[in-house]
Each structure stands twice: as C-alpha cells, then as structure tokens.
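> predicted model and sequence follow; I will ask about them next.
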Amino acid sequence: GAGQDVGRSCILVSIGGKNVMLDCGMHMGYNDDRRFPDFSYITQNSRLTEFLDCVIISHFHLDHCGALPYMSEMVGFDGPIYMTHPTKAICPILLEDYRKITVDKKGETNFFTSQMIKDCMKKVVAVNLHQTVQVDDELEIKAYYAGHVLGAAMFQIRVGLESVVYTGDYNMTPDRHLGAAWIDKCRPDVLISESTYATTIRDSKRCRERDFLKKVHETVERGGKVLIPVFALGRAQELCILLETFWDRMNLKAPIYFSTGLTEKANHYYKLFITWTNQKIRKTFVQRNMFEFKHIKAFDRSYADNPGPMVVFATPGMLHAGQSLHIFKKWAGNEKNMVIMPGYCVQGTVGHKILSGQKKLEMEGRQTLEVKMQVEYMSFSAHADAKGIMQLIRMAEPRSVLLVHGEAKKMEFLKQKIEQEFSINCFMPANGETATTVTNPSVPVDIALSLLKREAALGPLPDPKKPRTMHGTLIVKDNPSEEVSAAPATDRVNQGTPASLSDEELGGYLCTLLRKGLPQSTG
Amino acid sequence: MEHNVLNEDELDDWLIESIKLYDDLHVFELQETTQVIEWTGEKSVCVAGCKSVSRNEILELALPQRLYSKQNQGLCPERDFKVVHGGFSDRPISCLKHIRGTRILVSSGPPDSSLQLWQIGADGSDVIKPLHCIHNKEHTKNWSRIATSDSGSPCVLHGSKVKDIQVTDLESKKAVYSLDTDNTDSVSSLELLSKDEFLLCSGKGHLWLADMRQPGSLATPCTLLPQGEGLHWCMGLRNRLSESDAASSRVARLSSFGHVLVTDMRDASSPLCQAKLNLSCDSSDYNIMTVTWAPALDDCLAVSGFNGKVHIYNTKSWIPTFTEEEPLFIHKGHAIAEGPGDRSSAVVTTHVWHPWKPRTLLSAATNGSLHVWDWIDQKMES
C-alpha cells in the first residue's frame, strides 16, 4: 500500500538480506478486504514471521497502524513490532475504537477482535528517540522526532553500511503543542517520504486557528452552543490552548467545558510523554496541571441543557458513541448551534455522515434526528508540504529519495525538482512495484601484516593491467567461510562484479582491491 | 528569545483583529518570491520566481476549494493551494500571461526583451515545458511588457520600449503588426482592448490608444500629466465591457508619488477624477507598482507596490480636482511576517482580484508570502 495511493501505508524494505515492514495501515475508503494491505505479495499461504525481521509503526493514525492486529493475529506475525512509547500507549485505544465501530456499528464479521488487539500489543517493543535498537546482530533501527502527532517518529534502518530512513508522516513547522521534525545528516542510501502533501502549499497554522476562532466567536455571539468532538489528546490540547489564549482578548463570556474523562486521560498521557511536546507546553506543564485553564472547566452531563452559549470538548472524536454523541443529539435540532469536527471520521460514524452533508440521521430505536446545527470541518493535521520535503532532504542528505502516497504523473515536477536541487535519484513506485537502488557499500578488507610481507617479498606488486591467473577465492559469507575456485566464485559473488569476467580479469580486479588496501610502507 | 516572544504576541494580536476585518484569510509561504499572479482558469493561478541567479520555478496552483466553492463552504476542508503543474526557468520571470482558451503561457524577464513560451501539462504530466522564444524586432536589455487578448486569439502584444512594440502571432512566430515610431520611452503597461485596438502607458505616464487598422506614427498622447522628477507611471484598465465599447474603457494611472488619474477614453483630454493617495514608499523598484480595478465591485480599485500593504479605494466619490483620498480598506498582512526575519522590509510585488467574488484578492510580497483575503466593507456592515 501507499504506493501512489492515499491511505493504507505499508512498505516492505529489503536491506542487507533483512526484510522490514514499515507501517501497517488501513485504507479509509474501503469496507472490505481492500482496506488492508495485500500481504500475499510476501507470501501466499503461511505466516509472515519467517519472512519479516521486524515491523515498524511510525505513529498511531489508522492509515499507518489500522491493519496491525489483522497482520499479526489473522495473517500471523510473531516477531518484534517497534514503535515509540506514546504510539504504544495510544494505538490500542484507537484500534479498539475502530474495531467497535466496524463490528458493533456496522456489523462486520471478518475483523480482528479485542483480544487480538491485546495479543498484538504484547509483541510491541517500545523505543526511545535517538536510541539505537539492535533488532538482531546485523539489523539496527533508530527513531527520530517527526512532529505531526504525539509520538510520531521517523525511523532509520541500518544493516552494516547501508541504511534507509522512513519518514512516516512528519511536519517541519512547529505548532502550539508539538515541535518540528528533526534528523541529523545521517546520509541514508534511500529516504522514503510521503508525498501526499508534497505538492501542497499549506495555509498557515494561524489562519486555520483564526478560522476556528471566528466560527466559535460567531456562534457564541448569536447565543449558540459549540460542540467539538475530540480524541483524548493532541488536537484537543491545541484547541484548548488556543481558546484559553484568546478568550480574554476576544472578551468572550461564554463558558468552555472539557469532559472529565478527557481530562484524566489526557493528563495521564501528557505526564508520561511530556518530552514529546514542545518547549512551551513543557514549561506550562511543569508549572501546573495540563488542564488547569482559567476559562476551561470540567463538564457535567447536566450542563448540556443549560441555556445560553457555551463551548464543549467531548469524546469520542467521530461522534460514534458516548458523551459527544449524547450532546450532539441534544443540540442538533437548533440552527444556532455548531459542531466542529477536528479530524477524519471513519465511514459508518455519525461524524462521517454529517460531514458528507446528511441532514437526517437514523438513530437507535428507528428515531430520526434532524440536523439543523451548522457542521464545520477543521483540519489542523500537520503534514510536510512542498517546502518541508525539501527541508528534510537537506537535513538528512540521502543518496536517493523514494516518494510514496501520490500519483506518479502528478509528481513528475517534484521528482525533477528534487533531482535537480540535490543531484540525486528520485523514485515513485506504484503498489506492488519494486524500486531498486544500487548502493556502493565499501567492503573493508583486512589482511594480516605477515601475509602482506610474504607477498611483497615474492617480487613486485601485481599489476592490474597484466593478466594473472587467479587460483582461488575465499568467500566469507555467513558461517563458515569457504574457499572456492574462480568460476563458481564469479557466479556467487554478486557485488557489482560482472559475471562474464574471465579468471584473469577477475584476478586483476581482486589485485586492484588488494593494492588499494596495502599500507604505504612495508617494513 | 525575547524578540521571538514579542513577535508571537503581535501576530496573535493581528489574528484577533483580522477576525473583524476579513471574512476569510489565507496566508501562504512560497519557496520563492513571485512578481506575478496570473489567472489560468477559474480555479487556478500561476506564480513564478524572479531571482536573477539560478533556476526559477513556474507553478500553476489550484485554488483552495473554499475559494471557488459557491455553496456551503463549511464542509470544505481544503484551505491549501495545490501545485498542479510546475516548470523551471533559467531567467527570472517579471511578466507572465496566459493565452485564454489554451494551455500556453508567455513570460518575459531579464536579461533581454525576448519572450518565452510554455506549455502547461503536455502528455498529462504535471510539468510546464518550455516551448520556444520570440524576439522583438529590436533586441533590448529591458524585459518586455506583454498583453494577451481576452478572446483567446493566438497573438501577443509586447514591447519594452515604445518603438519596439509589436504584435506577434504565436503559431507563425512572425510579427503581424508593429508601431512606426522613434519614441524610446519605456513601456510600463500594455492592454489589448480588442483585436484592433490597444492601450499603451509609458513609464513617463503618457497614454496612447492605438488602432492597428491605421498604421502610421503614433499620435500625441491623450493627456497631460503633472510634471515631476523621477516619476514613474503605470496603468490599470477597468473591465473591458465588450468589443464595441473598447473606446469607452476607463483607465487609472498611478504614479510613484501616489497620484492616481482616472481617465475615460471617450474623453481623454482631461481626467474624470484624480486623487493623491497617502502612500509611504519603501520601494525603489517601480516595476512592482500595480493598480487594478475590481471586476465585481463598481468603481473600486486596488493599489500596491509601495510598501507591505495593499490599499483599496472607492473612486465613486472622487472629483476631477486633485484631492487627498483615504482608502476604503488596507491589507496589512504582508507587513506582519509569519516567522523570523525583518518584517518591515516586505513589499507587495503584485495583486489580482478574484474574477467574481467581489471582495477577494490575491497578493504576494518580497518575503515570499502569498495571501488570499476577503475583506469586510466596514461601512456596509454598520
């Protein structure tokens, strides 16, 4: 997935003999098996364990982790699954929510169960930023801060001298609660980056915030109520900080509420993951409780019936159950009111229906709900844009770039731009397509000094231009090493040496390598 | 550290203020400053880099959905521009025009007066490809002004000095008309009124209405002007009504001192009205002075290029004698930068009106900013 396709990120990388799966997302647009990546590319019938060395999940959005329990428990994978600590904490919550909606609300049957989610999470190994994690004695990974959402990371995967960096979703502009992505000049052979927004020029954060404030302001001014369904974290935080900052300046008197369940969960997570937020939040947090706002108070169910304007943040985010749905039902019939949806809603949820413009909803017990309240969608999601991608490439200095998540014909300009600006190759494979990049890893050759001396004593050093018969080759691969003669050696050694070399030519080639490795002075 | 904190507070202040000033406001940051914003369709504009050293990009941007959606904007999440086509130019682009009804662009820029032709999205790809060059009969070191026809004829009117103005057929690449004159004044603005007539405004402010059916030397210019040293002029043409009404066009001429003269071409001997605008000039680049008429708002014009602001005036109340006039609205956004950098030095390089949304404009500035704003007419509100 994710090759020229939006939603359903899942990339397979083969590097130095290791196979790594990057993300395991679900496609938001489909209701059947097409929502999951097609694992038959890896194997038709058996479990994935023997084919994959590890799985890495970049962040908790469903288009990056939504298929994880399906992959690990229904297709089958028992190896390690790596992700950051916040992702590990938040993933299961979103997966369970998603499962509930799909199974309970839509009645689907071929789906992962709650137990599967739990079993899947048992295979997760949490990692810290900038910490090199040895997956085995050859494969290592390292996570870098990606911004975007709490816990999002970019991952470097290294085997020997070859490495790949996978960006997941990232953002190069800091906002009110998260910092900007950062990576060192690690010079990976390939940088795999999403390009959905690479051809976008993003409206500034401030203007989006302005839009949000304007809508809230207008609704409250006319005496209406504003409902903002949120998840426990991230966006809710930001919007609260925003309202708190501007309430005074805008001289607004209406109360702002935050449902308590939300407060507890959010506080809990922020305490755990304080290092993941930006400087400002960290300072604020140290001084006081995350949710000790001057103007924002804890919500009580009964307040929903209070007259007059108010703003309420309530879970869950897609209006599919719980408090936010309860409040929505009460307020939907009044056109003075407004509901602001701050994120994507899965098909089947009330959130999704009203965002599609539906005005009449069928509720439980065959009751119809007429939606007269204003429905607004507010996208605060932070993705890297055209400028951001160039910035990241400048930071990491990859030898080549691979773009996922976009349409090839529509990325030709970006490809040219990257190639011209950085003089590197840029690939854009489609789903199922393989992109191959040739790397030039140097092969260190050690030679014992005594052997060198002996060879030097035999006469003049070998001349690469003069043919010399090669008598044998020592191949060191796996354990044990073996000695083979020239012809089979040329077949087996596949490191840039053309197979059609004669024995003499191969001998000459090896001599050149040895010559380069010889010390300047021989004693 | 302190400076940054202050900056944020000021930005926040402007944000709050803007809630009352604008119905809608979008702020974008281009990678390169643009001096051009050219409509290539109802939902797309082209911008282009103007750096003299290294490669410049030409981008065709699709408008955020909100800006062209006529129904309920609330359900449109899209606030971003999308780069739908892009290309590379070796020279900076000072002037860019679209040939209506085609996917062809014509551009000009230093170091000479030649024109470059481009094809947007050939073969279904997203690349803007260079086609070929067109040269004036006289090759000069100044970049040419370009005018294209509203009717989509494949001819362009161009020139950098009055004496080298010509009309070139893009298909044959041959000149089909040229002005017979020795006048070496610089060309400041050109407008094709119909297939036979065009308006020319020189840097000195002289205005000519030329009829291509009557070849011959250029007549004396239409109007006299206030004299002044170092003055530079440009013009803005009000919406062309129809071919037959070409001569009844209304033209605004703007000087680098902030004078505006409005002339009705039916009686060009004296101005219809004129005004002195209180514009502080922070720029020494006369090329970016811009005056435009609102396509969907009677008698309103916009002025920019003097500083980091765009000023909007209602000329309905203006009188023939020279008086000071106040703006109806001032867009200050460009002067308030989004990030670190000397915000006071940003100068607006160009602006255009939305074709049918009455109070929506797009403007760009020297700090790479590109704004789309829909201002509220305070007088109407109260």
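Yep, it's here.

> for B:K137, give me its contacts.
Residues in contact with B:K137, defined by CB atoms under 8 Å, 6 or more residues apart in numbering or on different chains, are B:D164, B:Q166, B:A175, B:S178. Bear in mind the C-beta positions are built from the backbone N, C-alpha and C, glycine included.

> phi, psi of the nearest residue to B:P92 once chain neighbours are set aside?
The shortest distance from B:P92 to any non-neighbouring residue, by CB to CB, 6 or more residues apart in numbering or on different chains, is to B:C50 (4.2 Å). When read as degrees, to the nearest 10, the backbone of B:C50 gives phi -130, psi 30.

> what sits against B:C50?
B:C50 makes contacts with B:E32, B:T33, B:T34, B:Q35, B:V36, B:N56, B:P92, B:I93, B:S94, B:G109, B:T349, as judged by CB under 8 Å, 6+ apart.

> can you do 7 Å?
Neighbour list for B:C50: B:T33, B:T34, B:Q35, B:N56, B:P92, B:I93, B:S94, B:G109 [criterion: CB atoms under 7 Å, 6 or more residues apart in numbering or on different chains].

> likewise for A:W247?
Each residue near A:W247 by CB under 7 Å, 6+ apart is listed here: A:H295.

> A helix includes it, no?
Yes. Counting by DSSP: H, G, I helix; E, B strand; the rest coil, A:W247 is found in a helix.

> how many residues are close by residue 195?
This is for chain A. A:S195 is flanked by 25 other residues according to other CB atoms under 10 Å in any protein chain shown.

> could you do chain B instead?
For B:K195, using other CB under 10 Å, the count is 16.

> any idea how far chain A is from the nearest residue to it once chain neighbours are set aside?
Closest residue in space to B:K195, ignoring its immediate chain neighbours: B:S153 at 6.1 Å, by CB to CB, 6+ apart. Separation of B:S153 from chain A (CB to the nearest CB, to the nearest Å) stands at 29 Å.

> just checking, B:S153 touches B:D196?
No. Contact criterion CB atoms under 7 Å: B:S153 and B:D196 do not qualify, at 11.1 Å.

> next, show the common contact partners of these two.
Here B:S153 and B:D196 have no joint contacts, going by CB under 7 Å, 6+ apart.

> can you pull the residues of the stretch 101-250 of chain A lying near chain B?
A:199-204, A:206-210, A:213-214, A:217, A:245-246, A:249-250 (CB under 7 Å from any CB of the partner chain).

> for the longest helix along chain B, enumerate the helices and strands it packs against.
As assigned by DSSP state H, the longest helix anywhere in chain B is helix B:2-21. The contact analysis (3 or more CB pairs under 7 Å, 6 or more residues apart in numbering or on different chains; DSSP states H and E) places helix B:2-21 against helix A:205-221, helix A:235-249.

> out of the contacts of B:K137, give me the one that has the most neighbours.
Using other CB under 10 Å as the neighbour test, these are led by B:D164, with 22 neighbours.

> can you give the contact residues for stretch B:54-65?
A:201, A:203, B:26, B:32, B:40, B:43-50, B:76, B:78-90, B:92-93, B:118, B:120, B:128.

> for those residues, which PyMOL command selects only the ones that are buried?
Typed into PyMOL, the line below selects the buried ones among those, using 16 or more other CB atoms under 10 Å in any protein chain shown:
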select buried, (chain A and resi 201+203) or (chain B and resi 26+32+40+44+45+46+47+48+49+50+76+78+79+80+81+82+83+84+85+86+87+88+89+92+93+118+120+128)
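
> from the contacts of stretch B:54-65, which land in strands?
A:201, B:26, B:40, B:44-48, B:81-89, B:118, B:120, B:128 (DSSP state E).

> please identify the helix or strand for A:L402.
A:L402 is part of strand A:400-404 when elements are defined by DSSP states H and E.

> and A:L319, by the same measure?
A:L319 belongs to no helix or strand, assigned by DSSP H and E.

> what is the neighbour count of it?
27.

> try A:E218
A:E218: 14 surrounding residues under other CB under 10 Å.

> check the one 5 residues further on too.
When counting by other CB under 10 Å, one arrives at 13 neighbours for A:G223.

> just B:I99 next, same as before
Residues near B:I99, counting by other CB under 10 Å: 19.

> excluding its backbone neighbours, what's nearest it?
Nearest one to B:I99, counting by CB to CB, 6+ apart, is B:T148 at 5.6 Å.

> which residues does A:S72 contact?
Residues counted as contacts of A:S72 (CB under 7 Å, 6+ apart) are A:I81, A:C120, A:K123.

> hmm, A:M83 and the last one touching each other?
If I follow you right, that is A:K123. No. With contact defined as CB under 7 Å, A:K123 does not count as touching A:M83 (10.7 Å).

> now the residue in chain B that chain A sits nearest to: closest residue in space that isn't a chain neighbour?
Per CB to the nearest CB, B:G86 is where chain B lies closest to chain A, at 3.5 Å. Excluding its sequence neighbours, the residue lying closest to B:G86 (CB to CB, 6+ apart) is A:F413, at 3.5 Å.

> then A:F51?
A:I42 (5.1 Å).

> isn't that neighbour up against A:E50?
No. Using CB under 7 Å, A:I42 makes no contact with A:E50, being 10.0 Å away.

> quick one, which of the two is more surrounded?
With neighbours defined as other CB under 10 Å, A:I42 and A:E50 compare such that A:I42 has more, 17 against 12.

> show me what contacts that one?
A:L12, A:L48, A:F51.

> just among these, which is most surrounded?
Ranked by neighbour count (other CB under 10 Å), the contacts of A:I42 have A:L48 at the top, with 19 neighbours.

> what number of residues lie near the nearest residue to that residue once chain neighbours are set aside?
Of all residues not flanking A:L48 in the chain, A:F77 sits nearest, at 4.3 Å (CB to CB, 6+ apart). For A:F77, the count of nearby residues is 25 (other CB under 10 Å).

> the strands in the stretch 1-150 of chain A, which residues?
Along the stretch 1-150 of chain A, the segments classed as strands by DSSP state E, counting those that start in this stretch run A:11-15, A:18-22, A:54-56, A:81-84, A:124-127, A:132-134, A:139-145.

> residue contacts, the residue in the stretch 301-450 of chain A that chain B sits nearest to?
Taking CB to the nearest CB, chain B has its nearest neighbour within the stretch 301-450 of chain A at A:F413, 3.5 Å off. By CB under 7 Å, 6+ apart, A:F413 lies in contact with B:H85, B:G86, B:D126, B:V127.

> can I get these in a markdown table with pLDDT?
Formatted as a markdown table, the contacts of A:F413 follow (pLDDT from 0 to 100):
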| residue | pLDDT |
| --- | --- |
| B:H85 | 95 |
| B:G86 | 95 |
| B:D126 | 91 |
| B:V127 | 94 |
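
> alright, calling it a day.
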